[in-house]
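Student: Sequence first, then the predicted structure:
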Amino acid sequence: MASEAPIDSAADCAPASSDIPQQDGAATNGHGHDLKGHGFFALALGSVGVVFGDIGTSPLYAFKEALAAAAHDGVTRSEIFGVVSLALWAMFLIVTIKYVVFIMRADNKGEGGVLSLMALAQHAMGRRTTLVFALGVAGAALFYGDAVITPAMSVLSAVEGLRTIPALEHGVTNEVVLLIATVMLLGLFFIQSRGTASVGKLFGPVCAVWFGVMFSLGLINLAGNPGILMAVNPFYAVKFLAEHGLTGFIVLGAVFLTVTGVEALTADMGHFGRWPIQAAWLFFVLPCLAMNYLGQGAFALTTLQAAEAAGTAMPELNWFFEMAPEALRLPLVLLAGAATVIASQAVITGAFSLTQQAIQLGLLPRLDVRRTSETQSGQIFVPQLNTMLLVGVLAIMFTFQTSSALAHAYGLAVTGTMIVTTCMAFIVMRKLWKWSMPMALLFLVPFLALDITFLSANALRFFSGGWLPVLIGAALFTVMATWVRGSQILTDKTRRDSLPVADLMDILRARAPHRAPGTAIFLTSDPDMTPVALMHNLKHNKVLHERNVILTVRTAETPRVAEEDRVKIEKVNDDFKKVVVNYGFMESPNIPKALAVCRKQGLKFDIMATSFFLGRRSIVPSANSGMPLWQDRLFIYLMKNAANPTDFFKIPPGRVVELGAQVTV
């Protein structure tokens, strides 16, 4: 079994961190846009749509699932108070204190997210460590599990609201719900290739209306039963957990649904900046969510009182939709549908961005990353990932069929990512911010305990659906670990079999080959060793160009690299020069543009008289080369399906020469 794959392109192995100066990102949003040139309000409004779409749709199902978990023997007044109190304090402790106050400070030159935090932690440690690497890969893998579940969960919960409309109650069967949700999801994924810039302009205003409607519904119902305001006291949350034992723990797993999507606060910092996101949460999103949960609790109390007065059992309702007047439910369902599509879009966009980071950091093979906007660097589309997400979302939706069933799968991936974030933030606090151990532990211990508590609560739902994100995360972790390990094996093998550049210079001086006019550029991941393509060219063609460039692409542990640090040129002799091109992990390599910078620095050549030499290798699996045979075959499959380096590096295809060899892994 063999496969053809490039050898000497820099993306084939985990890219080394470059030693370039870090770019000051204090005045930018991480995408090179000056925050001072944007209206603060406009950025905050934009963040309402993109950042808070996921957490903003949680009232559709979080209270309903938590109260249902508490109601196995009938709902009581104290249980309603307990569930509302738990929901409010989950938002206060996890979102507000942990993320808004602490985690959002740990930005990597304006960028956030689990891989950005991993790069920052590695920089803080001063070296690459197995612990930080494993944490980062685990967090990224779990995010993909969340990205598959969120669209199915959100859209299903919105469409199920049709059943609360009396005129449609009996006509909206489960099959109808699945059909409508499928059409919505197909439309969502099919428009990804067109880019989200134009649609994205509606995200902020639509979600602002959504949050406003949630606040209004909550306020109206709160006025009917204001006693629920006592649930703001954490006493009711603690009392509920103390009195309900294992049931309380199960309810805690359902309550966690109120904070799913919290990772988006850090992941989207590069788009909007820290301050607009923090302001949007504190002064708009949090009050709206809190009011809605209080309103749902008040409506549940009113319903309970009516049931007790009538001597009937407490009904199990879709609390979010049924607390609205009947005449407004259809518009509310339509608005909820728009909000859930936006929430799904935000997760899909996050998955695209995470994939680009993973490729640049050497955690995944090259994939086709397309830009869908000439001006917005964050607007990208990854066709292969889009297809995989669509298939995964539809498969999950038809397997679980209802939002209540899918709620059991939701949570484990998010809690796992939260634990990863907490641990890496602790490393940053100790190593980069130079916090004392007692001070850092004041952050680590309470929040890690909180994360582990929620993880344990969600683990109780493992066999009823929680296995799904764990399975997806484990599969992605295996893929990333295999790619990194296989790439390292190939790099080591190539280094052992290659000749140092300095030794090659001595050989060429002793036996000068035939010289060909023009410039040859040899791509390699190790500038100190002779590229395989150069050795083959000398060995088989017995020719050396007049001018030769050994070019290496490196990924820095910063999101972006300043243009003045983009290219470094080192003269070896009159015939050879080494060129190192630096990119941030949020940037897409473009070799022709980088070579234009080289010309400004004195490296003159005619692009039409320049040949790019790429090494290609035929990979053969071997059980004795460092990985099990099944992992060898997986690595070969990944290499076989990696994007062509010519396309990935934007090299003119008519100027590329490929030379290959056979290698075992």
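Tutor: Looks like it came in fine.
Student: use CA for all of it now, contacts and neighbours both
Tutor: OK.
Student: Quick check, pLDDT for S625.
Tutor: If you check S625, the pLDDT there is 67.
Student: how close does G113 get to T266?
Tutor: Taking Cα to Cα, to the nearest Å as the measure, G113 falls 5 Å from T266.
Student: element containing F613?
Tutor: Following DSSP states H and E, one finds F613 within strand 610-620.
Student: In PDB, please show the C-alpha coordinates belonging to that strand.
Tutor: Below are the C-alpha coordinates for strand 610-620, written out as PDB (Å, rounded to 0.1, in the frame of the first residue of the first chain):
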ATOM      1  CA  THR A 610      12.000  30.600 -11.800                       C
ATOM      2  CA  SER A 611      11.200  26.900 -11.100                       C
ATOM      3  CA  PHE A 612       9.800  25.600  -7.800                       C
ATOM      4  CA  PHE A 613      11.100  22.200  -6.800                       C
ATOM      5  CA  LEU A 614       8.900  20.100  -4.500                       C
ATOM      6  CA  GLY A 615       9.900  16.800  -3.100                       C
ATOM      7  CA  ARG A 616       7.300  14.000  -3.200                       C
ATOM      8  CA  ARG A 617       7.500  10.700  -1.500                       C
ATOM      9  CA  SER A 618       5.800   7.400  -1.900                       C
ATOM     10  CA  ILE A 619       4.800   6.300   1.600                       C
ATOM     11  CA  VAL A 620       5.000   2.600   2.500                       C
END
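Student: list the helices and strands that strand packs on?
Tutor: Strand 610-620 is packed against strand 3-6, strand 514-523, helix 532-536, strand 656-664, with contacts defined by 3 or more Cα pairs under 8 Å, 6 or more residues apart in numbering; DSSP states H and E.
Student: make it 10 Å
Tutor: Under the contact definition 3 or more Cα pairs under 10 Å, 6 or more residues apart in numbering; DSSP states H and E, strand 610-620 sits against strand 3-6, strand 514-523, helix 532-536, strand 543-555, helix 629-640, helix 645-648, strand 656-664.
Student: Report the angle between it and helix 629-640.
Tutor: In terms of direction (axes from the mean of the first three to the mean of the last three Cα atoms, to 10 degrees), strand 610-620 departs from helix 629-640 by 160 degrees.
Student: low pLDDT regions in this structure?
Tutor: 1-38, 195-200, 373-378, 623-625, 660-665 (pLDDT under 70).
Student: just to revisit the earlier point, which among the helices and strands packed on strand 610-620 is found nearest to E587?
Tutor: strand 543-555 (9.0 Å; Cα to Cα).
Student: Convert that closest one to PDB, retaining C-alpha atoms only.
Tutor: Output in PDB follows, covering the C-alpha atoms of strand 543-555 (Å, rounded to 0.1, in the frame of the first residue of the first chain):
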ATOM      1  CA  VAL A 543      22.400  20.200 -13.200                       C
ATOM      2  CA  LEU A 544      22.400  23.200 -10.900                       C
ATOM      3  CA  HIS A 545      20.700  26.500 -11.600                       C
ATOM      4  CA  GLU A 546      22.500  29.800 -11.600                       C
ATOM      5  CA  ARG A 547      20.700  31.000  -8.600                       C
ATOM      6  CA  ASN A 548      19.300  28.700  -5.900                       C
ATOM      7  CA  VAL A 549      17.000  29.500  -3.000                       C
ATOM      8  CA  ILE A 550      16.300  27.100  -0.100                       C
ATOM      9  CA  LEU A 551      12.900  28.200   1.100                       C
ATOM     10  CA  THR A 552      11.200  27.300   4.500                       C
ATOM     11  CA  VAL A 553       7.800  28.300   5.700                       C
ATOM     12  CA  ARG A 554       7.500  28.600   9.400                       C
ATOM     13  CA  THR A 555       4.400  29.200  11.600                       C
END
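Student: returning to what we had before: any idea of the angle the strand holding F613 forms with strand 543-555?
Tutor: Using the same axes, to 10 degrees: strand 610-620 against strand 543-555 is 70 degrees.
Student: Parallel or antiparallel, list what pairs with strand 610-620.
Tutor: For strand 610-620, the paired strands and their directions (DSSP bridges) are strand 3-6 (antiparallel), strand 514-523 (parallel), strand 656-664 (parallel).
Student: and that strand, how far out from the chain's middle?
Tutor: Computed by Cα atoms, centre = their mean, to the nearest Å, the chain-centroid distance of strand 610-620 equals 32 Å.
Student: just stretch 119-128 next, same as before
Tutor: 20 Å.
Student: Tell me, how many residues neighbour H536?
Tutor: Neighbour count for H536, taken as other Cα atoms under 10 Å: 16.
Student: Ok, Q401 next?
Tutor: Neighbourhood size, Q401 [other Cα under 10 Å]: 19.
Student: mind listing what it touches?
Tutor: Applying Cα atoms under 10 Å, 6 or more residues apart in numbering, we find Q401 in contact with 152-153, 156, 174-175, 177-178, 394-395.
Student: Can you check which of the helices and strands packed on strand 610-620 gets nearest to E308?
Tutor: helix 629-640 (61.2 Å).
Student: Report the buried residues of the closest one.
Tutor: For helix 629-640, burial by neighbour count (16 or more other Cα atoms under 10 Å) applies to 631-636, 638-640.
Student: Ignoring the adjacent residues along the chain, who's closest to T266?
Tutor: G112 (4.6 Å; Cα to Cα, 6 or more residues apart in numbering).
Student: Contact partners for that neighbour?
Tutor: Neighbours of G112 in contact, by Cα under 10 Å, 6+ apart: 30, 103-106, 118, 120, 263-271, 273-274, 559.
Student: Just to be sure, S588 is in a helix?
Tutor: No - the assignment for S588 (DSSP: H, G, I helix; E, B strand; the rest coil) gives coil, which keeps it out of a helix.
Student: burial count for it?
Tutor: A count of nearby residues for S588, using other Cα under 10 Å, gives 20.
Student: And for S622?
Tutor: 16.
Student: Now do the helix or strand L135 falls within: which elements does it pack against?
Tutor: Element membership for L135 (DSSP H and E) is helix 130-159. Contacts defined by 3+ Cα pairs under 10 Å, 6+ apart place helix 130-159 against helix 53-56, helix 114-125, helix 174-190, helix 329-360, helix 383-400, helix 403-407, helix 412-431, helix 467-497.
Student: Kindly indicate whether A167 is helix, strand or coil.
Tutor: On the three-state scheme (three-state DSSP), A167 is labelled coil.
Student: give the contact list for it.
Tutor: Applying Cα under 10 Å, 6+ apart, we find A167 in contact with E326.
Student: Next, work out how far apart it and M314 are.
Tutor: The value you get for A167 to M314, if Cα to Cα is used, is 23 Å.
Student: next one: L246
Tutor: Distance check for L246 against M314: by Cα to Cα, it reads 22 Å.
Student: With R485 instead?
Tutor: 57 Å.
Student: if we can go back for a sec, can you mark which positions in the helix holding L135 are buried?
Tutor: Buried-residue list, helix 130-159, by 16+ other Cα under 10 Å: 132-133, 135-159.
Student: centre of the chain versus it, how much separation?
Tutor: So, by Cα atoms, centre = their mean, the centroid of helix 130-159 is 8 Å from its chain's centroid.
Student: now do stretch 100-119
Tutor: Remark: stretch 100-119 is offset 12 Å from the chain centroid, using Cα atoms, centre = their mean.
Student: how far does it stretch from start to finish?
Tutor: End-to-end distance for stretch 100-119: 20 Å, by Cα to Cα.
Student: re the thing from before, between L246 and M314, which one's more packed in?
Tutor: Per other Cα under 10 Å, whichever of L246 and M314 has more neighbours is M314, with 18 against 13.
Student: Assess the claim that the more buried one and Q305 are in contact.
Tutor: Yes - using Cα atoms under 10 Å, M314 is in contact with Q305, at 8.8 Å.
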